[in-house]
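Engineer: the sequence and its predicted three-dimensional model are supplied below.
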Amino acid sequence: MQLQRYGIVWSQECGGTLITSRTVLSNAHCYVHYSNISIPSLIWRVRLGSSYSSSGGSLHQVHSFIIHEDFNQPSRLNNDVAIVRLYEPAVFSDRVRVAQIAGSNYDLPDGTAVIATGWGDWASGSQSSRSQQLQDVNLNIINQNVCVQRYAFLKSQPGNRDLPDVTPSMICAGILNFGGKDTCQGDGGGPLIHNNSGAGHVIMGITSWGYGCGHYHYPGVYVRISVHAAWIVRNGSV
């Protein structure tokens, strides 16, 4: 997902996953301030079929955004999911295909290996070091209660009262107590992928938020697709 700045420069802002020929699954916080723009194609576009953020593949104009109606409810960044609609359908090829999303019962045991991808920062606050080439990182599913408790403690500390809560509609992934691997700023909206031996690659999360990048104590937090599967199918089938 690319945003035009200053009327001339296109920059890579968020990730997304093609789920039908006309719809991309992403997160809400990337687009919530643009959802009422009458012609979003003037400032947003989608590049498909390339692992490079600024070259290759094909460019597609954005028709509109569908933001989850309960985004930021009952707490900040809850229901952080959106559908990006394209003006023209994507042309499928060996480099452009729709992804399989997790169903309502698709939840993984703690410790399961997953993969996150994106073009975001290499480290917190280092936007100048963003890669032009798509990156991927191997992570593990983190126990939900551990993630909830750690972020609740962090939020209780001075200066952190505005941090989101980890809710049941979120899932955590990282390398707990070691850190060093994570998604970062600019990766938001991209997929968290489970390589299912029977079903292939399944999108089971959307990069949403976290505390810094690669923190040993606080893993990355993702939208839990299984909770939103019905909403995604209903709104992504337009």
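Structural biologist: Ah, there it is.
Engineer: would you say P74 is within a strand?
Structural biologist: No: read with DSSP: H, G, I helix; E, B strand; the rest coil, P74 is coil and lies in no strand.
Engineer: give me the phi and psi for it.
Structural biologist: phi -80, psi 0 (degrees, to the nearest 10).
Engineer: what's the answer for V233, then?
Structural biologist: phi -60, psi -40.
Engineer: any idea how far A102 is from it?
Structural biologist: 11 Å (C-beta to C-beta, to the nearest Å). Every residue, glycine included, has its C-beta placed from N, CA and C.
Engineer: residues in contact with Y151?
Structural biologist: 163-166, 211, 218, 221 (C-beta atoms under 8 Å, 6 or more residues apart in numbering).
Engineer: let me know the next secondary structure element after the host helix or strand of it.
Structural biologist: Y151 belongs to helix 144-156 when elements are defined using DSSP states H and E. Scanning forward in sequence from helix 144-156 by DSSP H and E, the next helix or strand is strand 170-174.
Engineer: distance check, the residue nearest to the spatial centre of the chain against R76.
Structural biologist: Centroid-nearest residue in the chain, with C-alpha atoms, centre = their mean: G189, separated by 2.3 Å. Remark: distance between G189 and R76 (C-beta to C-beta) = 17 Å.
Engineer: angle of the strand or helix carrying S226 against strand 170-174?
Structural biologist: Applying DSSP H and E as the criterion places S226 in helix 225-236. For helix 225-236 against strand 170-174, the angle by axes from the mean of the first three to the mean of the last three C-alpha atoms, to 10 degrees is 120 degrees.
Engineer: before we move on, back to that, from the contacts of Y151, pick the one nearest V137.
Structural biologist: V221 (14.9 Å; C-beta to C-beta).
Engineer: how much space separates that closest one from I206?
Structural biologist: From V221 over to I206 (counting by C-beta to C-beta), the distance is 10 Å.
Engineer: can you pull the buried residues of the helix holding Y151?
Structural biologist: Buried residues in helix 144-156, counted by 16 or more other C-beta atoms under 10 Å: 144, 147-148, 150-151.
Engineer: send the alpha carbons of it over as PDB?
Structural biologist: Taking C-alpha atoms only, helix 144-156 is exported to PDB below (Å, rounded to 0.1, in the frame of the first residue of the first chain):
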ATOM      1  CA  GLN A 144      -2.300 -15.100  25.300                       C
ATOM      2  CA  ASN A 145      -2.400 -14.800  29.100                       C
ATOM      3  CA  VAL A 146       1.400 -14.000  29.300                       C
ATOM      4  CA  CYS A 147       1.000 -11.400  26.600                       C
ATOM      5  CA  VAL A 148      -2.000  -9.800  28.300                       C
ATOM      6  CA  GLN A 149      -0.300  -9.700  31.700                       C
ATOM      7  CA  ARG A 150       3.000  -8.200  30.300                       C
ATOM      8  CA  TYR A 151       1.200  -5.400  28.400                       C
ATOM      9  CA  ALA A 152      -1.100  -4.800  31.400                       C
ATOM     10  CA  PHE A 153       2.000  -4.300  33.600                       C
ATOM     11  CA  LEU A 154       3.600  -2.000  31.000                       C
ATOM     12  CA  LYS A 155       0.400   0.100  30.700                       C
ATOM     13  CA  SER A 156       0.400   0.500  34.500                       C
END
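Engineer: any idea how many residues pack against the closest residue to P219 other than its chain neighbours?
Structural biologist: In space, and not counting its chain neighbours, P219 is closest to G174: 3.0 Å by C-beta to C-beta, 6 or more residues apart in numbering. Close neighbours of G174, defined as other C-beta atoms under 10 Å, add up to 27.
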